[in-house]
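Colleague: What would the 3D arrangement of this be:
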Amino acid sequence: MRIPIGKNYCLLFLLLLVNMAIWAHPTGNMVTVGKYVLWPYVDPVDDQAHHACLMLWHPNRSPEVLLRSEHPASDFMLYNRGETIYAIERRHIDCTQKFEIRILKFRIGERPDIIWDWFEDQWRIGEGGFVMPSDDEVIFGKYPGIYHLKKKKTPLEYFQFDSPIHRIRSVEGGRLLLLGDDHCWLVDFNGKMIKQWNNLVKKEVADAPLGRNQIFDADYHNGELLLAYWGNRSFVIVEEEIHKKTIVNQKKPLVPHWVAYYGKDKLLFSSELVFDGRNPKPWLMLYREKNIVEAIWTGN
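Modeller: Prediction:
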């Protein structure tokens, strides 16, 4: 099912801006909805104008485009509450040099409803993860904090936290996973600490992509932490604070940037980071028990 969405009435072919944005940090995230997996990319994969899309995969069929933005220099960011999916679509308006977003709500197999129409986004909502407790409010991470936005209002600080936050994620048990510079915290929705992981980043790594020795994404399930370690080109699990295990090592030009638990298995997403004019090529893998790794999507 392919559903075109939106129109852009301004010419927007900012290829340099687009390529810089792709190279600097893949925008978006990966979510699981039952047996389905959704993630954003561009369609086609080599589209230099960067028309964002949402990809969909199920074990019984090949990955396919679910939604495609009609706007160049666009992005999608995802959150799901059970089978209900929320997608933030972002576009760049060339006429004003500003970003706008809207929020879509849908279930797989249904046409999306626009629950928040286009509005100017000065806060880069969704880049650092987001949660929608209801259709009329968004909780989102924006370095160094976490914020709460009600529809047609201005964002306010959601709760105070003693350390800077790069990313937030809703995880099992109605809790939040917060990703910091070198730490992760499991908290309730009031910011009360439940669990903490420290020293997640190695002090020194060789040839960190773009010089950024950092964790790009994290997920939590049943006491275990799953990390996309951008700086060390690896995927890591942390069972206890002192017990870290690298499950997949990658080599240049691959860079890990998204993770998600998939039942007992783990979804690992990376891209080829290149600087020769080509778009990054995606690599989505399913890591099964007993160290079995299966390729799901390589952009073909």
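
Colleague: need the contact list for the nearest residue to Val37 once chain neighbours are set aside.
Modeller: Nearest in space to Val37, with sequence neighbours left out and distances taken as Cβ to Cβ, 6 or more residues apart in numbering, is Trp57 at 4.6 Å. Where C-beta positions appear, they are placed from N, C-alpha and C, glycine not excepted. For Trp57, the contact set (Cβ atoms under 8 Å, 6 or more residues apart in numbering) comprises 36-38, 63-64, 284, 296-297.

Colleague: let's see it at 6 Å
Modeller: 37, 63, 296 (Cβ atoms under 6 Å, 6 or more residues apart in numbering).

Colleague: For the residues you listed, give me CSV that also has secondary structure, pLDDT and distance to Ser271.
Modeller: Formatted as CSV, those follow (DSSP: H, G, I helix; E, B strand; the rest coil; pLDDT from 0 to 100; distance: Cβ to Cβ, whole Å):
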residue, secondary structure, pLDDT, distance to Ser271
Val37, strand, 99, 16
Pro63, strand, 98, 15
Ile296, strand, 97, 14
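
Colleague: which among those residues gets closest to Met193?
Modeller: Among these, Val37 lies closest to Met193 (Cβ to Cβ), at 30.3 Å.

Colleague: Check which residues of stretch 142-155 are buried.
Modeller: Residues 142, 145-149, 155 are the ones in stretch 142-155 that count as buried (16 or more other Cβ atoms under 10 Å).

Colleague: Relative to Leu210, which of these is nearest.
Modeller: Closest to Leu210 out of the buried residues of stretch 142-155 is Lys142 (20.4 Å), distances taken as Cβ to Cβ.

Colleague: quick check: domain ranges of this protein?
Modeller: As assigned by automatic domain parsing, the chain contains the domains 1-121, 199-300.

Colleague: By neighbour count, which of the contacts of Trp57 wins?
Modeller: Val37 (23 neighbours; other Cβ atoms under 10 Å).

Colleague: Residues in a beta bridge with that residue, which ones?
Modeller: On the basis of DSSP bridges, Val37 is bridged to Thr32, Trp57.

Colleague: any idea where the strands of the stretch 51-200 of the chain begin and end?
Modeller: 52-58, 61-69, 75-81, 84-93, 98-106, 113-120, 130-134, 137-142, 145-150, 156-157, 167-171, 175-179, 184-187, 193-197 (DSSP state E, counting those that start in this stretch).
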